[in-house]
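1. need a structure here:
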Amino acid sequence: MREKDKINILIAESAPVIAAGVAYWMHRLPGLQTHVTVVETQEEMDSYMRNSSPDIIAVSLSFSGIFNPIDFREKYGDDCKLMAILSGQISPSTLKLFNGCISVVDDVEHILKSVRDILSLTENSELTKESLSVREKEIVEWVVKGLTNKEIADKLFLSPHTVMTHRRNIARKLEIHSATGLTIYAIVNHIVELSDLNL
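-> Numbers count the residues shown, from 1 in each chain. Below is the predicted model of the structure:
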């Protein structure tokens, strides 16, 4: 996307003061032309998404109860670029479900950098995926499909000990230590398709 193009940003935030503040700065990002829409309810978001394709969806984690990026992408497509609006702490595994984030205390320079980073997501997501080796991605795929270490070892002609070593390295690199977190990571990073899983 060229910087002179207008960037469509959807802000999904139930708290009017936070929504107004984020919208204020999104309208004033130096060097970028933005069109900003604010929705406060799930119904407003559904209506907007039926008729528009925003470049960035900036969403509060508490939007519509608890915002679930996996459910959102399943409903609206994996190419949605989600920016978390943070007003408190967030775990690294939850943060990995978003393409980027801003905080209610960020200055305009940080917000501008976050928007630019998300708009060049194609490069960034490839770099993120490359943090795992090809073998580690294979193991992630089989783990989220429900295979045991022994079954993965047999399938990949490895020892169960080697599979366990790879799994420890994957957990360390991704800072994800649960099967659910790993499944979410694999879906978001296109290592597996949702349709491949027995959910």
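2. So which elements touch the host helix or strand of Val143?
-> If you go by DSSP states H and E, Val143 is part of helix 134-144. For helix 134-144, the elements it packs on are helix 149-156, helix 160-174, helix 179-188, judged by 3 or more Cβ pairs under 8 Å, 6 or more residues apart in numbering; DSSP states H and E. C-beta coordinates here come from the backbone N, C-alpha and C atoms, glycine included.
3. Dump the C-alpha coordinates for it into PDB.
-> Output in PDB follows, covering the C-alpha atoms of helix 134-144 (Å, rounded to 0.1, in the frame of the first residue of the first chain):
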ATOM      1  CA  VAL A 134      10.800 -26.400   8.600                       C
ATOM      2  CA  ARG A 135      11.000 -29.400  10.900                       C
ATOM      3  CA  GLU A 136       9.500 -27.500  13.800                       C
ATOM      4  CA  LYS A 137       6.600 -26.400  11.600                       C
ATOM      5  CA  GLU A 138       5.900 -30.000  10.700                       C
ATOM      6  CA  ILE A 139       5.900 -30.900  14.300                       C
ATOM      7  CA  VAL A 140       3.500 -28.100  15.200                       C
ATOM      8  CA  GLU A 141       1.200 -29.200  12.400                       C
ATOM      9  CA  TRP A 142       1.000 -32.800  13.800                       C
ATOM     10  CA  VAL A 143       0.700 -31.700  17.400                       C
ATOM     11  CA  VAL A 144      -2.300 -29.500  16.700                       C
END
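4. what residues does that helix touch?
-> Identification of contacts with helix 134-144 by Cβ atoms under 8 Å, 6 or more residues apart in numbering yields 129, 132, 151-152, 155-156, 163, 166-167, 169-170, 173, 179, 182-183, 185-186, 191-192, 197.
5. mind putting the helices and strands packed on helix 134-144 in CSV, distance to Asp106, mean pLDDT and mean neighbour count included?
-> As requested, those are exported to CSV (distance: least, Cβ to Cβ, whole Å; pLDDT from 0 to 100; neighbours: other Cβ atoms under 10 Å):
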stretch, distance to Asp106, mean pLDDT, mean neighbour count
helix 149-156, 42, 94, 16
helix 160-174, 25, 89, 15
helix 179-188, 23, 84, 19
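6. Quick check: Leu61 touching Leu86?
-> Yes - with contacts counted by Cβ atoms under 8 Å, Leu61 reaches Leu86, the gap being 7.3 Å.
7. picking that back up, so can I have JSON lines of the helices and strands packed on helix 134-144 showing distance to Ser93?
-> Below are the helices and strands packed on helix 134-144 laid out as JSON lines (distance: least, Cβ to Cβ, whole Å):
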{"stretch": "helix 149-156", "distance to Ser93": "21"}
{"stretch": "helix 160-174", "distance to Ser93": "8"}
{"stretch": "helix 179-188", "distance to Ser93": "4"}
